[in-house]
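1. here's my sequence, what's the structure:
(one chain, ligands or ions: 2)
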Amino acid sequence: MRSSNARTLFEKVWADHIVRPETTDTPAILYIDLHLIHEVTTPQAFTLLRSQGLKLRRPDLTLGTMDHSTPTTPVGSLQDIAVVAEGAAQQVAQMEANCREFGLELHGFDSLHRGIVHVIGPELGATQPGKTIVCGDSHTSTHGAFGALAFGIGTTEVGHVMATQCLLQRKPKTLQIEVRGNLARGVTAKDVILAIIGQIGVDGGTGHVIEYRGNTISAMDMDQRMTVCNMSIEAGARAGMIAPDDTTFEFLHGRPRAPQGADWERALERWRCLPSDSDAQFDKTVTVDASALQPMVTFGTNPGMVVGVNEPVPNRSDAGFRKALEYMQIPAGKPLTESAVDVVFVGSCTNSRLSDLQQAADVLRGRHVAKGVRMLVVPGSQQIKADAEAIGLDEVFRAAGAEWRESGCSMCLGMNGDTVAPGHLSVSTSNRNFEGRQGKGARTVLASPMTAAASAIVGRVADPRPFL
Ligand SMILES: CC(C)[C@H](C(=O)O)[C@@H](O)C(=O)O
Ligand code: SF4
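-> Residues are numbered from 1 along each chain as shown. Ligands and ions are numbered 1, 2, ... in the order given. Coordinates of the predicted model:
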């Protein structure tokens with residue numbers, strides 16, 4: 001039976017945070033529970049605050065890290081960063097100074113919790129169900145895996161949130177993506193989200209907040225759910241969300257910023273009310289059969305240009321498609337397994353958590369990276385680095401001939417000096433394969449950690465399943 005007040009997860013979180021409702025003339029004013037900040041998109045906002053003599057409205061709801069411009073080779077001090085990349089050094093020093101001046105918590109160089117902003121929020125337990133979370137970064141959608149409404153904002157909006165803890169927003173529409181079926185061995189959350197983007201297109205989610213549902217999603221652990229939500233933005237969506245459940249609660253329990261004791265019990269009560277009502281209506285519905293999926297790889301210059309690793313690259317005559325294949329130097333009609341690989345990158349906010357590293361290590365254990373291939377493994381946070389080292393993953397990577405690095409965004413976008421050379425082909429576990437994303441003229445194939453590791457061994461894009 002339909003009841004008129006049935007609501008989706010998104011609608012519940014939205015309604016809980018309305019300070020002033022939307023009208024035809026004005027967007028809604030939305031209260032923000034957590035503002036994550038990093039060194040790239042904050043300098044202008046701090047300058048604005050300073051020039052207007054403003055303080056942060058809620059420094060206690062603001063959490064900073066440095067990730068994009070930080071070196072992944074060990075450095076002794078801030079000064080050493082200049083050696084890596086000059087602009088980067090300035091950004092990092094400025095972030096330190098700004099956070100000190102405004103009294104903000106920053107996970108700087110010495111912090112065990114420094115790492116990619118979308119990795120440390122969940123790791124600290126700051127990311128929680130039902131929260132509104134923003135950051136001047138498009139992959140803020142990652143935090144939606146916990147049933148939070150989380151999205152990227154522009155630099156001007158970063159300033160608004162700093163000054164007011166609020167944001168002007170138009171209410172997006174809702175899109176449910178129902179993913180059903182058990183994943184075959186060697187097929188991961190990364191393959192699921194790449195397949196979804198392949199199916200609905202890079203603008204398939206435009207104007208919508210996606211809720212991922214179905215038994216494939218509920219069977220996923222939090223790392224996998226984060227991988228899925230992370231790439232919502234690559235389907236054009238405003239945000240991606242997954243209903244919180246026991247998997248979510250177990251992940252959060254006991255983390256430093258999660259509620260404790262009686263507060264935890266009260267939080268659980270609230271969180272259990274968040275999932276979409278059974279008769280809630282979505283503006284749009286898409287169904288995906290995940291049981292038939294194979295490992296996916298991108299062949300073009302957007303994440304929607306994707307095929308199964310053994311499938312031939314499709315042939316289309318439109319100019320955009322031709323241009324993408326030309327840039328990628330990938331022929332239509334042949335599978336990517338014929339393409340030679342120069343670089344393999346395991347990392348980024350999509351796939352740099354412990355289980356991702358474990359999957360790559362499982363493929364590499366006792367094997368070696370092919371001659372001429374450079375493989376870089378970059379954990380998402382210093383905590384993940386420590387956890388990985390505690391179980392010997394660093395040794396597996398080093399023994400295989402891969403480089404084991406400090407945490408950060410690294411080669412995902414190459415702001416810190418970790419780049420792919422012009423013309424080189426990189427198999428990357430990151431989320432964007434745009435022209436020049438990993439370096440000028442670099443060619444990027446997006447894939448799962450297992451596919452990336454298998455490709456490193458073979459020296460061509462490779463199906464990981466024979467290595468499992
Ligand atoms: C630098 C930052 C603004 C950017 C983003 O918003 O996503 C980056 O993280 C990216 O992945 O391209
Ligand atoms: S890892 Fe990549 S996608 Fe994620 S925040 Fe950093 S640059 Fe952006």
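
2. phi and psi next, for residue 427.
-> Reported as degrees, to the nearest 10, the phi and psi values for residue 427 are phi -100, psi 120.

3. for it, give the beta-bridge partners.
-> When bridges are called by DSSP bridges, residue 427 pairs up with residue 344, residue 445.

4. ok, residue 381 - how many residues close by?
-> 30 (other C-beta atoms under 10 Å). C-beta: built from backbone N, CA, C; applies to glycine.

5. need the contact list for the closest residue to it other than its chain neighbours.
-> Distances taken as C-beta to C-beta, 6 or more residues apart in numbering put residue 115 closest to residue 381, at 2.5 Å, once the chain neighbours are dropped. For residue 115, the contacting residues are 65, 67, 107, 123, 379-384, 407-408, by C-beta atoms under 8 Å, 6 or more residues apart in numbering.

6. could you check the pLDDT of residue 115?
-> For residue 115, the pLDDT comes out at 98.

7. residue 29 - that's part of a strand, no?
-> Yes. Under DSSP: H, G, I helix; E, B strand; the rest coil, residue 29 sits within a strand.

8. residue 458 against residue 370, yeah?
-> Yes. Assessed by C-beta atoms under 8 Å, residue 458 is found in contact with residue 370 at 6.3 Å.

9. how about the residue nearest to residue 381, phi and psi?
-> Dihedral angles (degrees, to the nearest 10) for residue 115: phi 170, psi -170.

10. for ligand 2, what's its nearest residue on the stretch 251-400 of the chain.
-> residue 349 (3.4 Å; C-beta to the nearest ligand atom).

11. how's this structure carved up into domains?
-> 9-169, 173-245+254-291, 297-458 (the TED database).

12. and the shortest one with ligand 1, contact?
-> This points to domain 173-245+254-291. No. Using C-beta under 6 Å from any ligand atom, domain 173-245+254-291 stays clear of ligand 1, with a minimum separation of 7.6 Å.

13. doesn't residue 337 make contact with residue 311?
-> No. Counting by C-beta under 8 Å, residue 311 does not reach residue 337; the two are 9.7 Å apart.

14. show me which residues of the stretch 351-468 of the chain sit near ligand 2.
-> Near ligand 2, when you scan the stretch 351-468 of the chain using C-beta under 6 Å from any ligand atom, you find 409, 412-413, 430-431.

15. let's see it at 8 Å
-> Proximity of the stretch 351-468 of the chain to ligand 2, by C-beta under 8 Å from any ligand atom, involves residues 352, 380, 408-410, 412-413, 415, 430-432.

16. if we can go back for a sec, how about a markdown table for the contacts of residue 115, with distance to residue 52 added?
-> Converted to a markdown table, the contacts of residue 115 look like this (distance: C-beta to C-beta, whole Å):
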| residue | distance to residue 52 |
| --- | --- |
| 65 | 25 |
| 67 | 28 |
| 107 | 27 |
| 123 | 34 |
| 379 | 39 |
| 380 | 35 |
| 381 | 34 |
| 382 | 35 |
| 383 | 36 |
| 384 | 38 |
| 407 | 34 |
| 408 | 32 |
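
17. ok so, going back, I'd like to know how far the residue of the stretch 251-400 of the chain closest to ligand 2 sits from residue 37.
-> For residue 349, the distance to residue 37 equals 15 Å [C-beta to C-beta, to the nearest Å].

18. skipping adjacent residues, who's closest to the residue of the stretch 51-200 of the chain found nearest ligand 1 in space?
-> Among all residues of the stretch 51-200 of the chain, residue 138 sits closest to ligand 1, at 3.5 Å; criterion: C-beta to the nearest ligand atom. In this structure, residue 138 finds its nearest non-sequential neighbour in residue 152, 4.1 Å apart by C-beta to C-beta, 6+ apart.

19. now do the helices in the stretch 201-350 of the chain.
-> According to DSSP state H, counting those that start in this stretch, the stretch 201-350 of the chain carries its helices in the segments 215-218, 222-230, 246-252, 261-271, 319-328.

20. get me the contact residues on the chain for ligand 1.
-> So far as C-beta under 8 Å from any ligand atom goes, the chain lies against ligand 1 at 38, 40-41, 68, 136-139, 152, 233, 349, 409, 412-413, 415, 431-432, 437.

21. so who does residue 302 touch?
-> 202, 234, 324, 433-434.

22. isn't residue 104 up against residue 37?
-> Yes. Counting by C-beta under 8 Å, residue 104 does reach residue 37; the two are 7.5 Å apart.

23. give the rounded mean pLDDT of the top strand by length along the chain.
-> In the chain, with assignment by DSSP state E, the single longest strand is strand 173-180. Averaged over strand 173-180, pLDDT sits at 98.

24. what angle do that strand and helix 222-230 make?
-> Angle, strand 173-180 to helix 222-230, by axes from the mean of the first three to the mean of the last three C-alpha atoms, to 10 degrees: 140 degrees.

25. need the pLDDT of residue 78.
-> 68.

26. returning to what we had before: neighbour count: residue 104 and residue 37, which is higher?
-> Between residue 104 and residue 37, residue 37 has the larger neighbour count (other C-beta under 10 Å), namely 28 against 20.

27. how far away is residue 48 from residue 169?
-> Plainly put, residue 48 is 20 Å away from residue 169 if you go by C-beta to C-beta.

28. hmm, I typed the wrong one, I wanted residue 184.
-> With C-beta to C-beta as the criterion, residue 184 and residue 169 are 40 Å apart.

29. and these two? Which one has more around it.
-> Between residue 184 and residue 169, residue 169 has the larger neighbour count (other C-beta under 10 Å), namely 22 against 14.
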